[in-house]
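1. Starting from these lines, generate the structure:
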Amino acid sequence: MYLHTGWDRFARDLALEPGCQLTFLYEGDGEMIVKEDEQEVLFEFVVVLKGDPLGIQKLPDKFADFVAGNEPAVMHLRGVRCDCCRWSLDMLFDGRGKIYLQTGWEKFARYHDLEAGCVLIFSYLGEADMSVKVFNETHCHRHYHGDTDEEDD
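-> Numbers count the residues shown, from 1 in each chain. Reported below is the predicted structural model:
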């Protein structure tokens, strides 16, 4: 089976990127339901980048409390709608209840062209896996890979 008419618009509307997984359910009579595979979010938080976006980034104390006793040494970040690009970041725990994204953060920040004022929404999925959604300084969602020549939302 090939998906043809309307597929480009469908993929663009969902901001699909290579590697995203969809489930197609055939309902009969030519009807399909499409569901994007999602994981349960265990903890979610917002970070507004201030100062040097390439430097290590402190995560909220409440998140540090949430993972206390089971702190991952490495966190795997990925785009919120995609599983194709992952970044492994070393986590720094200071022993006083503070947690930071350290080695690997600069590469992630450069790839996403992060700058002061960007808003990041992190969703912790467990097992050292976290998705992140990036908004620019005007608080519009940034689109990456597979985007058309359209501007940010």
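
2. Please make it C-alpha for all contacts and neighbour counts, starting now.
-> OK.

3. pLDDT score for Gln39?
-> If you check Gln39, the pLDDT there is 68.

4. Can you find the helix or strand in this structure with the smallest mean pLDDT?
-> The helix or strand of the chain with the poorest confidence is strand 31-36; it has a mean of 69 (mean pLDDT, DSSP states H and E).

5. what bridges to the nearest residue to Ala73 once chain neighbours are set aside?
-> Nearest non-adjacent residue to Ala73, counting by Cα to Cα, 6 or more residues apart in numbering: Met91, 5.3 Å away. According to DSSP bridges, the residues that bridge with Met91 are Leu101.

6. Isn't Met91 up against Lys98?
-> No: counting by Cα atoms under 8 Å, Met91 stays clear of Lys98, with 10.4 Å between them.

7. Next, Asp8: secondary structure please.
-> Under DSSP: H, G, I helix; E, B strand; the rest coil, Asp8 falls in the helix class.

8. got the residue ranges for the strands in the protein?
-> 22-28, 31-36, 43-48, 57-59, 74-79, 86-93, 99-101, 119-126, 129-135 (DSSP state E).

9. hmm, back to that, who's more crowded, Met91 and Lys98?
-> Using other Cα atoms under 10 Å as the criterion, Met91 and Lys98 rank with Met91 on top: 21 against 17.
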